[in-house]
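Undergrad: Have a look; sequence and predicted model below, questions after that.
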Amino acid sequence: MSEFLRNNWFVVVIAVIIIAFVSYFIYDENKYNVSAKSDSDGNQVVASIDKKDITANDIYDQSAPFDTALLYNLYHNQVVDQSVKTTDDLDEKAKDLKKTIEQNVSSSSSQNSESQIETELASFGYNGIDQLYDYCLMTVKEAKMQRDYIEDHFDEVTPALQENKPRTISIISMQVQDLAALTEDEQKKKDNIDSALSSGSFADAATAYSEDTATASDDGFYGYVDANSVNSQYSTLNAQVIQAALNLEKDQTSDWIEVTDSSSGLKYLYKVHVDETDIQSIWDSKNETVSNNILSAFLTANQGLSVKIVQENAKDLDIEFKDKDVQKRIEDYINDQTGGNSNEE
Amino acid sequence: MKSNLKKAAVFAGCSLLMLTACSGATAQISNASDVLFQVGDVSVTRGTEYELIKKSNGSTMAVTLIEQAIMDEEVGRGDDIKKQAEKQYETNTSGSEEFEQSLIDAGYKDKDDYIEKVIIPTIQQEKLLDKYFEDNAKAIKKEYKPSIAKILMCDNKDDANNALQALKDGTDAQTVFDQYASESATYGNEEIVVSTLLEDSIPTYVINTLYSAKETGVIDEVMSDDNDSSGAYYIAILTSNDYDENRAKIQEDLVSKASSDIAKECNVYYMKKHNLEIHDQDIFDALRTSNPEYLINHPELAEEDQ
């Protein structure tokens, strides 16, 4: 042995160094791994203090009575998934949606955005970021399911939306220093816009003069609004402008609207034009954003419609509840969301 | 010999790889395979529901249950607490039956379940905090350096010297404040709890001096803050720096100013005392992100987070 060590001492030294490195690597990789524990009844333990074990059963028992929305989502996800066949088009849309979400996560300044997404996904019934595609596929499938239903029940769901004055609009905006005293250049530009509007189309005037770059390049077209847009946190247009649009008929253009941005304090003059008020025409729009917006508007205007659509599709599936308590909770949830009319035709 | 060495090396390598690949344990519920419902050929089980509960709210619920276990150990659920909880429920609801129905709709079994899960823990939390300010007095004193005092801020050194002399001569404090206090002074002729939480408005030197003073009364020193560009000078009148004597007042003040930090410190103190251990990797990882200070066996994680 000693002769072996004498002859191979260099190899032995290298081996010892490698083993030391590997050992440290293993320690480093595993130092934050937790060890399993079971209580005296064999229940698996999540955490423990000296005199008490908190088991997985404890976590479940404390949380489950309050997770009816999660149970419904698990049921809903299966109904949607099995009711709508995955086509190449839907697959493509799901991948695009997944990509958008991933880009938003990676560009987010929050260090915890991925764990926040994981938490969100879990509340929707998806176990972790690995199931993000499944969530996206369910989302695009549900949108298709909802479109198909609305298409088939158009007359039934239209009156509620009609009350919200749905319409598509275009805008022209120009920033000014003082709304009460325009500079010579500002007044000149305003006069030019008035002149362009009286002699030509709103689209041409918007293309030529509007300072709202996002819409000017598209003939001033802003998109879909209705009464719910006035106070919506997602609206990108000032509430005064939307309100003015709601007071107009199709093809009418507003007077100048004076707007002061509440966050920046900047002052603007706006003109708004109503392009379309016919729900069928807006529904048939080729503009994807408008199409998505009016779909959401239908679902918002008709209370419980999204849950009702799921129930309509569930009728064609083989569904069996093995747990009566879970069944009651899901049924109560559905009735609560639909106001008890989920089974009406 | 060479062959044996080769075998040993291969065996050691495989063992090391296996060790490296090990991941932490995860706890599962006992009836995970129970089917809740079936849609087509897909079964949704209780285990699936539990995994999602754990992912969306598991670490928060685990901390709640750990806190509950600690509170049961430290302050218990005696008759006095139960009576107080009943009384609080009646006061909150005025005996409304609609309220009880809303509790059932929200997921509670009944009124008693709500009292057990919500009101009693709230009362226990208050009692635990009282106990914490007693049990961990030494560390709280070291961290917050509390004292009860009046703080007179003057615009210049002359005013401060004159104010100090007037106070030493026995002039009434209100008269001195009226005459020498800066117009921009945050505090008037009132006793306040001075602590390190006031470092934005009172120089650290003043806080330390009050905390370590041996006698109450006017501090015989005009104090200033070298880092304060306003050039303000401070006179302090110490009422007391006896922690035990003023514990309730100090507690009320510190909690009102830093309730979240103190609640966490209280948790960490008792989690250490009761040797908290986590046995589920998902919960550990979630706490590592949200509350690394609760992973008491790995204090380096909380330090990394700061």
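TA: Sure, I can see it.
Undergrad: of all of the stretch 151-300 of chain B, which residue lies closest to chain A?
TA: Of all residues in the stretch 151-300 of chain B, B:His274 sits closest to chain A, with a separation of 3.8 Å (C-beta to the nearest C-beta). Using the backbone N, CA and C atoms, a C-beta is placed for each residue, glycine as well.
Undergrad: Now for the residue nearest to that residue when sequence neighbours are not counted: which residues touch it?
TA: Spatial nearest neighbour of B:His274, chain neighbours left out: A:Ile49 (3.8 Å); criterion: C-beta to C-beta, 6 or more residues apart in numbering or on different chains. Counting by C-beta atoms under 8 Å, 6 or more residues apart in numbering or on different chains, A:Ile49 makes contact with B:Ile66, B:Ala69, B:Ile70, B:Glu73, B:Met271, B:His274, B:Asn275, B:Leu276, B:Glu277.
Undergrad: From the residues you listed, list the buried ones, please.
TA: Buried residues within these, counting neighbours by 16 or more other C-beta atoms under 10 Å in any protein chain shown: B:Ile66, B:Ala69, B:Ile70, B:Glu73, B:Met271, B:His274, B:Leu276, B:Glu277.
Undergrad: how about those residues in a markdown table, adding pLDDT and secondary structure?
TA: As requested, these are exported to a markdown table (pLDDT from 0 to 100; DSSP: H, G, I helix; E, B strand; the rest coil):
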| residue | pLDDT | secondary structure |
| --- | --- | --- |
| B:Ile66 | 97 | helix |
| B:Ala69 | 96 | helix |
| B:Ile70 | 97 | helix |
| B:Glu73 | 95 | helix |
| B:Met271 | 98 | helix |
| B:His274 | 97 | coil |
| B:Leu276 | 97 | coil |
| B:Glu277 | 97 | strand |
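Undergrad: Among the residues you listed, list the two that are farthest apart in space.
TA: Taking C-beta to C-beta as the measure, these span a maximum distance of 15.3 Å, between B:Glu73 and B:Glu277.
Undergrad: just checking, A:Gln175 touches A:Ser264?
TA: No - taking contacts as C-beta atoms under 8 Å, A:Gln175 lies outside contact range of A:Ser264: 10.3 Å.
Undergrad: The two - which one has more neighbours?
TA: Between A:Gln175 and A:Ser264, counted using other C-beta atoms under 10 Å in any protein chain shown, the more crowded position is A:Gln175 (13 against 7).
Undergrad: That one - that's part of a strand, no?
TA: Yes - A:Gln175: assigned to a strand according to DSSP: H, G, I helix; E, B strand; the rest coil.
Undergrad: Show me what it bridges to in the sheet.
TA: Beta-bridge partners recorded for A:Gln175 (DSSP bridges): A:Tyr268.
Undergrad: Can you give me every residue that contacts it?
TA: Here A:Gln175 is in contact with A:Glu211, A:Leu266, A:Lys267, A:Tyr268 (C-beta under 8 Å, 6+ apart).
Undergrad: What of B:Leu301?
TA: Counting by C-beta under 8 Å, 6+ apart, B:Leu301 touches A:Tyr32, B:Arg288, B:Pro292, B:Leu295.
Undergrad: and the closest residue to A:Tyr209 other than its chain neighbours, how many neighbours?
TA: Nearest non-adjacent residue to A:Tyr209, counting by C-beta to C-beta, 6+ apart: A:Ile193, 4.8 Å away. The number of residues packed around A:Ile193, counting by other C-beta under 10 Å, is 20.
Undergrad: what's the answer for A:Val84, then?
TA: 19.
Undergrad: Chain B versus that one, what's the distance?
TA: Distance of A:Val84 to chain B, computed by C-beta to the nearest C-beta, to the nearest Å: 13 Å.
Undergrad: right, and that residue touches A:Gln146 too?
TA: No - counting by C-beta under 8 Å, A:Val84 does not reach A:Gln146; the two are 10.2 Å apart.
Undergrad: follow-up on the earlier one: and the contacts of B:Leu301, which is closest to A:Leu161?
TA: Distance to A:Leu161 across the contacts of B:Leu301 (C-beta to C-beta) is lowest for B:Arg288, with 47.6 Å.
Undergrad: Find me the pLDDT at the closest residue to that closest one other than its chain neighbours, would you?
TA: Nearest residue to B:Arg288 in three dimensions, chain neighbours excluded: B:Leu301, at 5.9 Å (C-beta to C-beta, 6+ apart). Predicted confidence (pLDDT) for B:Leu301: 92.
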